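Trainee: Pasted the sequence and its predicted model underneath.
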Amino acid sequence: MQYSPHEIEKKWQERWEKEARYQAEDFSKKPKQYILVEFPYPSGEGLHVGHVRGYTAMDIVARKRRMEGFNVLFPIGWDAFGLPAENYAIKKGIHPSKTVEKNIANYKRQIKSLGLSFDWSREINTTDPRYYKWTQWIFLQLFKHGLAYQAEIPINWCPSCKIGLAYEEVIDGKCERCGTPVIRKEKKQWMLRITRYADRLIEDLEKVDFIEQVKTQQIEWIGRSYGTEIDFQVEGSDKIIKVFTTRPDTLFGVSAVVVAPEYPLVKELVTPDHLEEANRYIEKSKQKTEFERTKLEKEKTGVFTGSFCINPANGEKVPIWIGDYVIATYGGGAVMVVPAHDKRDYEFAKKYGLKIKEVVKGGDISKEAFVGYGILVNSGQFSGLSSQEAIEKITQWLIEEKKGRKAVHYKLRDWIFSRQHYWGEPIPIIHCEKCGAVPVPEEDLPVELPYVEKYQPTGTGESPLAAVKEWVNVKCPKCGAPAKRETDTMPNWAGSNWYFMRYCDPNNSQELADFKKLKYWLPVDWYDGGPEHITLHLLYSRFIYKFLYDIGVAPTPEPYQRRTIHGIVLAQDGRKMSKSLGNVVNPNEIIEKYGADTLRVYEMFMGPFDQAIAWNPESVNGVFKFLRKVWNLIIECKNNQKTSPDVLKKIHQLNKKVSDDIEQAKFNTAIAAFMEFVNFAQLHKKEIGKEAIERFLLLLAPFAPHLAEELWERIGHKKSIFEERWPQYNKDLIKEERITLVIQINGKVRDKIEVNRDISQEEAKKLALKQKKVQNWIDGKEIKKIIFIPGKLINFVI
RNA sequence: GCCCUCGUGGCGGAAUUGGUAUACGCGCAACGCUUAGGACGUUGUUCCUCUUAUGAGGAUUGGAGGUUCGAAUCCUCCCGAGGGCACCA
């Protein structure tokens, strides 16, 4: 009987589905485990081998947890709003809902062919009105609590996609999706006040078990910095320019104040004789793309306003400039220029002939700016202090003089939540001339996306929905006057922010999810996903979840207890897989050739789980050979005999190794251990009995479920292997009685001897010194010191 | 520029976290099986030197230093790769 994966995989997949084996049970008495993978965007290309990596890993965990006696929730769904379906519709004239339906069917078939133990009874789809009703409901709660608001702001505008982009969707000044340089455009946008949660989003990271890289990136993205806000009074006016700095110790070295071109006071600051030049400068910087403006190598430019302000520390008159290297949205849009101690300011001062005054000792300011800490000079009463002391003292003094205060600033900005696109959740707001922005009454949700013929963005900045008159024109829910629906839709993230909550109660039509169910299942115990989602998706969904916690909808302060990332699967050439490069590996092909178990085991074996790794077809074949070896071995072995003590020890060691490695997501070494055992077993076939065979299959079951089920049945079991308990290893059995003691001389390995594991130092020394090799090396020299590590080694220092 | 991760045979990678470097797999080679090829099985496989062979010695974890009885692992500097942030005041 040969190993024929296709027959057995089909057989077991059908049986699992018929028996609905993997459905989670609400409120079961068993302890719960919520294992989560990022739900896929069902693209036209179909499932990627990268999906398979994360899904298989979590499937292994889910299957192990069930065998350990947990009530496991391991769900799947579809994140199906978004641009590709809309772009496809524009090109081919096929409605996005049709495309999405087709793609989902394809994904579903592919996922099922992998033998993943998802609970299909909880499948969700973000484009289903029964789902996005609650996405809209969340928006209304945000609105009612003042966390969703409209603002006329300069947004990043992609002239190709004809869409406003979130700050986060601009990469290197270019549109994340199409790569077109982004320009700035003033537009009224819906915003979410994520900044209000900035501190909690940092501090609560202590409560969770995310890998370090994820935590660091969240913290850096939020970018909290503590500093001092200093008031510079405009000369001859009562206006004040508030400047944020982390280096108040350099206050005496200020030679100018520079404000961003968008700074609110700009018009008042520019004097008539500088008006023309200043206007020209402001116009020019407006036209620059974000890419041009943020290019670091670019020369710092600016223009004098004609006005001055007063340095509060020494009363000096300081010129006010406009410069587009100052970021309008950070730190109030104004900075103090200290050329001697800041690289950018130094450059700026050199170009425009500003004074360069040293106030911190330690560098040579005739050559370059000195940005380090040092002792203060030329700083009045503060001279002689260290920078660290001066930061404290000067801030203190400013507070007393009422000319400054401590301040905290964040790089994180409020989240632009509007998209001028068709294929997204409509924002449930009605604009009334009299009442303003009025929320759609909750009982009228969902605001269904109307069917349209034309998907093209209008280019005017309005979404295609604006053209659907019968949908747009409604009565104001408050006063009944004619009013218009909001035509912007929500970004892709809106649906994926909270999807893991819906899995807990996917069919609830009364609320987002029953609180008792949420309380039973949440938080997610283990969440795995791609590295591309560890800043934005994670930050956004934590924010929304925290808000829902605050209003009593979510049961815990954090949604995810543990978060891991799986490395990308690269093409054989080490590059990213992409259609245009023609180097894409299709999981279907691998399954057709070798079966799903081989694909699963290969993807777990190919390298460390969190690292990017290149596909290697020859290794796939190696894994197939391994599984076939397993098959042949088990078929050949006698199931009715006793297992020898040697084999027993090995299988218990394997038991420990595999159990531990799965918990640490070290799947590659777990599989190496399986291979080692099989190699050993090949040589000891006669010693293998029932216990070894059964234990081996139980351990292998989460990795290669079809193979394990089939062999389990063939050795005479009636019930599924997944109804069995995960095996516990015997601590006494895995201990090695005899160990190899390494003998070192001056730290170099010179010999090895077999000894009892609990040998004493005296005994070890005696035995070691008897060895010929050791005697040759010591050869009458004096032994100065002996280092003995019990059970490991003895080291003679001569 | 800053931050993070990493650098180990021909290749993917192990190394219980300071204690036998190169587990496991791929590839390659020899032998067995076979009409042959494939497949399968067994064995070998870091490099260098000496040795008919058994074996013996030396070197080796990107490079150079350091700490230590002992370093792939810790520290300093340098080189290289990948990722993140990027005029954040």
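Mentor: Thanks, I have it.
Trainee: C-alpha only now, for contacts and for neighbours.
Mentor: OK.
Trainee: and A:Lys187, what element?
Mentor: strand A:183-192 (DSSP states H and E).
Trainee: and if you look at A:Glu268?
Mentor: Per DSSP H and E: helix A:266-269 holds A:Glu268.
Trainee: Which of the helices and strands in chain A ranks last by mean pLDDT?
Mentor: helix A:290-293 (a mean of 60; mean pLDDT, DSSP states H and E).
Trainee: Which helix or strand lies directly C-terminal to that one?
Mentor: With elements assigned by DSSP H and E, the helix or strand that comes after helix A:290-293 is strand A:303-310.
Trainee: Surely A:Gly747 touches A:Asn795?
Mentor: Yes. Counting by C-alpha atoms under 8 Å, A:Asn795 is a contact partner of A:Gly747 at 6.2 Å.
Trainee: The closest residue to A:Arg63 other than its chain neighbours: what's it in contact with?
Mentor: If the residues on either side of it in the chain are set aside, A:Arg63 comes closest to A:Pro702, at 5.5 Å by C-alpha to C-alpha, 6 or more residues apart in numbering. Neighbouring residues of A:Pro702 by C-alpha atoms under 8 Å, 6 or more residues apart in numbering: A:Asp59, A:Ile60, A:Val61, A:Arg63, A:Lys64.
Trainee: ok now do A:Leu47, which residues does it touch?
Mentor: A:Tyr107, A:Gln110, A:Ile111, A:Asn586, A:Pro587.
Trainee: let's see it at 10 Å
Mentor: Taking C-alpha atoms under 10 Å, 6 or more residues apart in numbering as the criterion, A:Leu47 is in contact with A:Pro40, A:Tyr41, A:Asn103, A:Asn106, A:Tyr107, A:Lys108, A:Arg109, A:Gln110, A:Ile111, A:Asn586, A:Pro587, A:Asn588.
Trainee: now for the residues you listed, which pair is the farthest apart?
Mentor: A:Tyr41 and A:Asn588 (18.1 Å; C-alpha to C-alpha).
Trainee: Tell me what the residue in the stretch 151-300 of chain A that RNA strand B sits nearest to is bridged to.
Mentor: Nearest residue of the stretch 151-300 of chain A to RNA strand B (C-alpha to the nearest atom of the strand) works out as A:Thr245 at 2.4 Å. Beta bridges link A:Thr245 to A:Thr228 when assigned by DSSP bridges.
Trainee: can I assume it is in contact with A:Asp231?
Mentor: No. No contact is recorded between A:Thr245 and A:Asp231 when judged using C-alpha atoms under 10 Å, the distance being 11.1 Å.
Trainee: what are the ranges of the strands in the stretch 501-650 of chain A?
Mentor: A:526-529, A:562-565, A:569-570, A:613-614 (DSSP state E, counting those that start in this stretch).
Trainee: Would you mind finding the most buried of the ones you listed?
Mentor: strand A:569-570 (a mean of 22; mean count of other C-alpha atoms under 10 Å).
Trainee: Distance of A:Asp525 relative to RNA strand B?
Mentor: Using C-alpha to the nearest atom of the strand, to the nearest Å, one gets 22 Å for the distance from A:Asp525 to RNA strand B.
Trainee: mind listing what that residue touches?
Mentor: Per C-alpha under 10 Å, 6+ apart, neighbours of A:Asp525: A:Lys32, A:Gln33, A:Tyr34, A:Ile35, A:Leu36, A:Leu73, A:Asp209, A:Pro559, A:Tyr560, A:Gln561, A:Arg562, A:Arg563.
Trainee: Show me how far the helix holding A:Glu268 is from its chain's centre.
Mentor: 43 Å (C-alpha atoms, centre = their mean, to the nearest Å).
Trainee: mind listing what's buried in it?
Mentor: Across helix A:266-269, burial judged by 16 or more other C-alpha atoms under 10 Å covers A:Val266, A:Leu269.
Trainee: elements contacting it?
Mentor: helix A:275-287, strand A:303-310, strand A:317-322 (3 or more C-alpha pairs under 10 Å, 6 or more residues apart in numbering; DSSP states H and E).
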